[in-house]
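# got a predicted structure plus its sequence, pasted below:
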Amino acid sequence: MKITKIAVLGLIVALTYSCKEAKKKTGEAAEEMEETMETVKDEVMVEAIAFKMEPKSDSNVAGEVKFTEEDGSVTMEATFSGLTPGEHAIHIHEKADCSADDGTSTGGHWNPTSEPHGKWGNDTGYHRGDIGNFVADADGNATVEFSTDLWCLSCEDETKNIAGKAVIVHQGVDDFTSQPSGAAGARISCTGIIK
């Protein structure tokens, strides 16, 4: 009888120790999981979309535009070929519809805040689609990079969301004063920003 009591007592001690060890390991695992979740939460989400530009108005202008959203800011990176050397305007227009031969199916400049046309960031106002001018080299190639926290790729804020809009390259230069579009001339390349 004494042996059985000792064996039972030993078994109880072993089980109690095993349970305490299991609880300790479960607690450690939970802490580790919580730390991992905090790390994931702190990591920046990056979203990117890219589109080919298509020639318009009997031009040969081609290219690609890429939008990347990271940490509350959107960066547009674009490359073009087939341009005439010199300055050209680039804007975001209201509709992702490049079906018209002259690009007019995209509508006017994207202007969700009902501002006058102007140079980005000036005190007298500007459209959210008023990106500005860029320069094509002697071979007709150009690169454009533009970043802002006033755009997003898929947020619900209609004053920031560029999905469903279009990128238009113009033959001429934006003068930043003529209303409503800066007298930038023909629309020579187009892509819709489809999400």
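Yep, that arrived. Numbers count the residues shown, from 1 in each chain.

# count the residues that sit near P85.
13 (other CB atoms under 10 Å). Using the backbone N, CA and C atoms, a C-beta is placed for each residue, glycine as well.

# got a list of what it touches?
A136, D137, A138, D139, G140 (CB atoms under 8 Å, 6 or more residues apart in numbering).

# host element of the nearest residue to I49 once chain neighbours are set aside?
Closest residue in space to I49, ignoring its immediate chain neighbours: F67 at 5.4 Å, by CB to CB, 6 or more residues apart in numbering. Assigned by DSSP states H and E, F67 falls within strand 62-70.

# now do the domain split for this protein, please.
Here the domain parsing of the chain from automatic domain parsing is 1-43, 46-193.

# and among those, the most buried is which?
Stretch with highest mean neighbour count among these: domain 46-193 (a mean of 18; mean count of other CB atoms under 10 Å).

# and that one, average pLDDT?
What domain 46-193 shows for mean pLDDT is 93.

# what's stretch 133-150 in contact with?
72-90, 120, 128, 131-132, 159-160, 173-174.

# dump it to CSV, restricted to CA.
Presented in CSV, the C-alpha positions along stretch 133-150 are these (Å, rounded to 0.1, in the frame of the first residue of the first chain):
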residue,chain,number,x,y,z
ASN,A,133,5.8,69.6,-67.4
PHE,A,134,8.7,67.3,-68.2
VAL,A,135,11.5,67.4,-70.9
ALA,A,136,12.1,64.9,-73.6
ASP,A,137,15.7,64.5,-74.8
ALA,A,138,17.0,64.9,-78.3
ASP,A,139,15.9,61.2,-79.1
GLY,A,140,12.4,61.8,-77.8
ASN,A,141,12.8,59.9,-74.6
ALA,A,142,11.8,61.1,-71.2
THR,A,143,11.4,60.0,-67.6
VAL,A,144,9.0,61.5,-65.1
GLU,A,145,8.8,60.9,-61.3
PHE,A,146,6.2,62.5,-59.1
SER,A,147,5.2,61.8,-55.5
THR,A,148,2.4,63.1,-53.3
ASP,A,149,0.3,62.2,-50.2
LEU,A,150,-2.7,63.7,-51.9
